[in-house]
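give me the fold of what follows.
(one chain, ligands or ions: 2)
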Amino acid sequence: MEAVLAVEGLTKIFKTKGRADTVAVDHVSFSLMPGECLGIIGESGSGKTTLVNMVTRLLAPTEGCIFLDGQEITGLKGRELREAWRRMQMVFQSPAESFDPRRTLGDGIGESLRNAGAGREETKRETARLLKACGLTPEYAGRYPHEVSGGQCQRAAIARALAIKPKLLICDEATSSLDVTVQQEIIELLGRLRRKQDGLAILFISHDIALVQQFCDRVLVMYRGRIVEQGKPDDVIRDPQDPYTKKLIESIL
Ligand SMILES: Nc1ncnc2c1ncn2[C@@H]1O[C@H](COP(=O)(O)OP(=O)(O)OP(=O)(O)O)[C@@H](O)[C@H]1O
Ligand SMILES: [Mg+2]
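Ligands and ions are numbered 1, 2, ... in the order given. Predicted structure coming up:
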């Protein structure tokens, strides 16, 4: 079986005038198989967001390669890059910011469907179906981002991300801004969607080790831009090998 995502030696060095260079991500390599959910944990500033921003090509890597479905996407541009973007979608921390405040949630969800060639009726029908699958009624299609709660907006963001049936879903602190009950609901929703869309691979970035333990098949621990440990979440939490992981886990238990 081929990995949905593989990164090799991925590195990002931020160079800012008058300041020392920041090595935000330092030769990171890992792969993600179809249907797998991989968690990434690590303290604030350890390079998690920089890493996924390179995977989605929002940031150019300083060094290293990215493969999506076996195709190298590190240097893609234009039409080919847009085509790669159709296979991976992101859900961010602040749901409201991921929607245009002047457009309805339904417009936001329908956009990628229309871009993929769906007509008006089909877009409407599919948007309603996606909203329902994400625990909202079709009525939410007519609402603006400021007219819904954070949890509802995150459900709509997930509906939008899944609209074009990506192979890879990247969640960067997607539940961090929500309260514990809503967090749990979103995790259950992601779990259901994962079972429904066979083969959907998820990269799940979180500060919350307990959530990662509950939701992920495997976890990477990042420290200062590097992967210091990886394994099954239960094993890593029960018996961390790396001194930094030990500290990280002690700090939350
Ligand atoms: N555009 C940038 N220019 C310069 N330095 C940056 C830039 N973006 C991030 N950094 C630095 O890179 C390092 C990694 O940041 P990153 O946002 O990837 O961390 P993170 O693990 O996602 O943290 P958090 O858990 O707080 O979201 C930090 O030291 C940060 O200050
Ligand atoms: Mg981050």
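
are we agreed that residue 26 is in a strand?
Yes: applying DSSP: H, G, I helix; E, B strand; the rest coil, one finds residue 26 inside a strand.

show me what contacts it?
Going by C-beta atoms under 8 Å, 6 or more residues apart in numbering, residue 26 touches 11, 47, 224, 225, 226. Every residue, glycine included, has its C-beta placed from N, CA and C.

how about the fourth one, phi and psi?
In terms of degrees, to the nearest 10, the main-chain angles of residue 225 are phi 80, psi 0.

what are the ranges of the strands in the stretch 1-150 of the chain?
Per DSSP state E, counting those that start in this stretch, the stretch 1-150 of the chain carries strands over the ranges 5-14, 22-32, 37-41, 63-68, 71-72, 88-91.

rewinding a little: the contacts of residue 26, buried ones only, as a PyMOL selection?
Of the contacts of residue 26, the buried ones can be selected in PyMOL as follows, counting by 16 or more other C-beta atoms under 10 Å:
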select buried, resi 11+47+225+226
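
now the closest residue to residue 67 other than its chain neighbours: how far from ligand 1?
The shortest distance from residue 67 to any non-neighbouring residue, by C-beta to C-beta, 6 or more residues apart in numbering, is to residue 6 (4.3 Å). Residue 6 sits 20 Å away from ligand 1, going by C-beta to the nearest ligand atom, to the nearest Å.

report the contact partners of the residue nearest in space to the middle of the chain.
When C-alpha atoms, centre = their mean is applied to the chain, the residue found nearest the centroid is residue 170 (1.7 Å). The neighbours of residue 170, taking C-beta under 8 Å, 6+ apart as the test, are 52, 55, 56, 88, 89, 90, 91, 202, 203, 205.

which stretches of the stretch 151-253 of the chain form strands?
For the stretch 151-253 of the chain, the strands defined by DSSP E, counting those that start in this stretch occupy 168-172, 201-205, 218-223, 226-231.

what is the third one packed up against?
The one in question is strand 218-223. Packing partners of strand 218-223 (3 or more C-beta pairs under 8 Å, 6 or more residues apart in numbering; DSSP states H and E): strand 37-41, strand 226-231, helix 233-238, helix 243-252.

lowest-confidence stretch among the ones you listed?
Ranked by mean pLDDT, those bottom out at helix 243-252, with a mean of 87.

how about it: buried residues?
244, 245, 248, 249.

try stretch 193-208
Residues of stretch 193-208 classed as buried by neighbour count (16+ other C-beta under 10 Å): 193, 194, 200, 201, 202, 203, 204, 205, 206, 207, 208.
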